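Engineer: Attaching a predicted model along with its sequence, questions to come.
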Amino acid sequence: MTTDACICGFSYVRGLAEDEALHRKIHSEYFIGPSVPSVLKTPVLGEIDGYAVHVVDGRSPFDTRRKIAHVAMVAHRSMSAYPAGYDGTVTEDNQRLYVLVERRRVIGFVLSARDTRFWRLRWSEGGLVELLDRNASIHVGHKIGRVWIAAKFQRRGLAKRLLLVASAHLGMGISEMAWEVPFTASGSALVRSVSPSTFFGCGDIQAVRDTISIEPPPGAASQVRR
Ligand SMILES: CC(C)(COP(=O)(O)OP(=O)(O)OC[C@H]1O[C@@H](n2cnc3c(N)ncnc32)[C@H](O)[C@@H]1OP(=O)(O)O)[C@@H](O)C(=O)NCCC(=O)NCCS
Ligand SMILES: [Zn+2]
């Protein structure tokens, strides 16, 4: 018996009919996105390449939010080190899910939420991340918590354009957006393309430690200690 760990995040026993069938479903969700008919009940903000952009927020019916939350699980499967971050419940941080829809299939999403602690960061050579200020800026603002595009639809500029729609809806310029850290490799490329110089990162001390490669010069007491 051979156990295969697929890129979609599913480990299964090859040749076992039950496992093979479950893998086909999970792999299809990873590759072309899950079918979530409830999404059609949510408002449309616009379209990108003919795909509708819907928004799901605290005003969406609970049952709709709960069903759509499945997309966060689909994203989570292929990046298990990163929490799903959205389960459909209404939270205090005003989560909004911007979803890209092909017919009834969700092919991508941007998750935004409110946060209060923003670390000023900068890209330096080789994709390293530098911490610019020792202390986080404390204010209320929006962050991007997660971006996901189904594998078949990646590298067509969809994430970038979905971020533009989301940031306009949040009333911010795309380069002013803050980002939940740490990043995956493709997430890093996306953030770098959108914010090539400085940007704000959100996350706890450990997440910031995992992200930065260059600390600010010694000075005032640091909140980030290695
Ligand atoms: C990250 C992700 C959402 C990007 O989606 P996408 O639709 O393919 O991104 P876009 O086509 O809009 O690309 C935006 C920019 O990022 C770059 N980019 C995207 N994926 C990349 C990759 N894997 N390697 C290198 N560069 C990449 C593009 O070249 C483009 O740069 P440009 O504007 O300078 O040409 C997608 O790869 C994904 O869903 N990955 C799995 C989930 C994940 O890791 N999410 C991020 C969590 S932090
Ligand atoms: Zn698979």
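Structural biologist: Arrived safely. Only a predicted model underlies this, so the values are computations on that prediction, with no experimental measurement involved. Ligands and ions are numbered 1, 2, ... in the order given.
Engineer: OK, contacts around residue 42?
Structural biologist: Listed by Cβ atoms under 8 Å, 6 or more residues apart in numbering, the contact set of residue 42 reads 54-56, 60, 64, 68, 99. In this view, the C-beta of every residue, glycine as well, is placed from N, C-alpha and C.
Engineer: what is residue 99 paired to in the beta sheet?
Structural biologist: Beta-bridge partners for residue 99, by DSSP bridges, are residue 54, residue 109.
Engineer: Pull the contacting residues for it.
Structural biologist: 39, 42, 53-56, 68, 71, 106, 108-109.
Engineer: Those also near ligand 1: which ones?
Structural biologist: Near ligand 1, taking Cβ under 6 Å from any ligand atom as the test, no member of the contacts of residue 99 is found.
Engineer: What is the nearest of those residues to ligand 2?
Structural biologist: Nearest to ligand 2 among those is residue 71, at 16.9 Å by Cβ to the ion.
Engineer: So what's the predicted local confidence for the closest one?
Structural biologist: According to the prediction, residue 71 has pLDDT 97.
Engineer: go on, residue 226?
Structural biologist: 38.
Engineer: Can you give me the neighbour number for residue 31?
Structural biologist: The number of residues packed near residue 31 is 13, by other Cβ atoms under 10 Å.
Engineer: where do the helices sit along this protein?
Structural biologist: According to DSSP state H, the chain carries its helices in the segments 17-32, 62-68, 70-77, 158-169, 185-194, 205-211.
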